[in-house]
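A.B. asks: structure, please.
(one chain, ligands or ions: 2)
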Amino acid sequence: MKITIHRGTNQIGGCVTEIESNGYRVFIDYGEQLPGAPVNELKPLEGLNYGDVSKSALFFTHYHGDHIGKMTEASADMPVYIGKTALEILNCLESRLAYIPDPIESGKHKQIVERLKTIKTFEPLQKITIGGISVTPLFVDHSAFDAYMFIVEADNLRILHTGDFRGHGFRSKGLFPTLRTYARNIDYIISEGSNIQRTDATSKTEQELQRDFINDFRKYKYNFVLVSSTNIDRIFSLYHAAIVAKRCFVCDSYQAEIMKIVSENHKQYSSFYNIDFEQKSDPAGRFFEINRPFSFNGNLKPYLERHGFCMLIRANEALKPLLAQYSTSTDFKVSYSMWKGYLDKSNSAFSPSLYNFIMPYPDCDMHTSGHADVETLRTVFDTVKPKHGIIPIHTEAPENFQKVFPNQKIIRLRDRQVYEV
Ligand SMILES: [Zn+2]
Ligand SMILES: [Zn+2]
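C.D. replies: Ligands and ions are numbered 1, 2, ... in the order given. Next comes the predicted model:
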């Protein structure tokens, strides 16, 4: 078996992993680099975008752009897999992005929408075989919904590829039971390490963050929350926080469509995703869709102002007049529920438009990471006990792994290095 990290040994995002056995190849993720990252072009990848692809397959751990962004460059003749709900959410997101004004960007997203029509889906624990290689998806909690780790087996070796995951989300309870049950006799772990630099920080749980939101929603009436439209558990958490604080819930119809996909597919498993989208009389959690020009018209305005609301927003010029209307009120709060790196001028992912949008509202940070903290990584490694070592990916500090986990064998690869095991 050969393991190659084509990109991602030394950076977050843009990861591509290949596991090859007897001419068969499984690729895991084929993402774009994060915006602003130093350019690190991929070389042509045999069996993925040229040459014989008849013995190849591509698996996506989840729908974030740094994992799926280059999917249209994969040969159209090879099978590509992702989780079922993940596919529906991604299709909804990409269909929307296909209409943004920038013709180059919208063209890319149109191509992705076309490619998505041919993608296959898998269920958790469904073993898929590509020649002598098998791939088994294990469900994990991440800031993308319907995300997976993979167990890849070939040549009597078992690899655990973690994808992006965390231990402090609403659906993290299953992490260690799942690993104890299915990730036995693992030879190598290919592990994400987004938070490896923050050695002493344990992440706030989603439950703790939700309690903070409930307190805010009780305190303020006009709550505006800037959150990624596909950070599903955060969004449902905000909905439930609005119910507890007896506030209405407001979002646009695109966001409502995403929520309906999740609700349809998952409400039978968890009441967390069971939302009454019909407008019931009780203002607590009452669901409203509001679209451009984002004004509360007619009877809606006094109703929402009387009961208070949580409204999901994006950094959109069209929303500024609405925020301006409420900004002088002491009952007004804007919360920024996304990664702080976008607002940090020293970070390569700095977003001027987001920064300018949020700048008038200091002390608005209301977020917790989508990635495992160091303690969670440690417990994963101690639970799985890989026989031969851990290969860091999706990290800006792979050198920290050995310092932080001195009892584990850390195998540091370079991008494109072929590691024969
Ligand atoms: Zn990622
Ligand atoms: Zn991710």
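A.B. asks: any buried residues in the helix or strand hosting Thr4, and which?
C.D. replies: Following DSSP states H and E, one finds Thr4 within strand 2-7. Using 16 or more other Cβ atoms under 10 Å as the test for burial, strand 2-7 gives Ile3, Thr4, Ile5, His6, Arg7. Yep, even glycine has a C-beta here, placed from its N, CA and C like the rest.
A.B. asks: check stretch 280-294 too.
C.D. replies: The neighbour-count check on stretch 280-294 (16+ other Cβ under 10 Å) flags Pro283, Gly285, Arg286, Phe287, Phe288, Ile290, Phe294 as buried.
A.B. asks: near ligand 2, anything from stretch 65-82?
C.D. replies: No. Judged by Cβ under 5 Å from the ion, stretch 65-82 and ligand 2 are separated, with a smallest distance of 6.1 Å.
A.B. asks: helix/strand/coil for Arg158?
C.D. replies: Judged by DSSP: H, G, I helix; E, B strand; the rest coil, the three-state class of Arg158 is strand.
A.B. asks: what about Val80, distance to Ile68?
C.D. replies: Val80 is 9 Å from Ile68, where distance means Cβ to Cβ, to the nearest Å.
A.B. asks: of the two, which one has the most company?
C.D. replies: A count of neighbours by other Cβ atoms under 10 Å puts Ile68 above the other of Val80 and Ile68, at 27 against 21.
A.B. asks: mind listing the strands the strand holding Thr4 pairs with, and their directions?
C.D. replies: Paired with strand 2-7 in the same sheet, following DSSP bridges, are strand 16-21 (antiparallel), strand 418-420 (antiparallel).
A.B. asks: picking that back up, let's have the buried residues of strand 2-7 in CSV, adding distance to ligand 1 and pLDDT.
C.D. replies: As requested, these are exported to CSV (distance: Cβ to the ion, whole Å; pLDDT from 0 to 100):
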residue, distance to ligand 1, pLDDT
Ile3, 19, 98
Thr4, 19, 98
Ile5, 14, 98
His6, 15, 98
Arg7, 12, 98
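A.B. asks: which one of those residues is nearest to ligand 2?
C.D. replies: Nearest to ligand 2 among those is Arg7, at 15.2 Å by Cβ to the ion.
A.B. asks: correct me if wrong: the closest one contacts Gly13.
C.D. replies: No. If you go by Cβ atoms under 8 Å, Arg7 and Gly13 don't touch, sitting 9.1 Å apart.
A.B. asks: quickly list what's touching both of those two.
C.D. replies: Gln33 (Cβ atoms under 8 Å, 6 or more residues apart in numbering).
A.B. asks: got the phi and psi for Met311?
C.D. replies: Per-residue torsions, Met311: phi -120, psi 130 (degrees, to the nearest 10).
A.B. asks: so it sits against Val227, correct?
C.D. replies: No. Met311 is beyond contact range of Val227, at 10.6 Å (criterion: Cβ under 8 Å).
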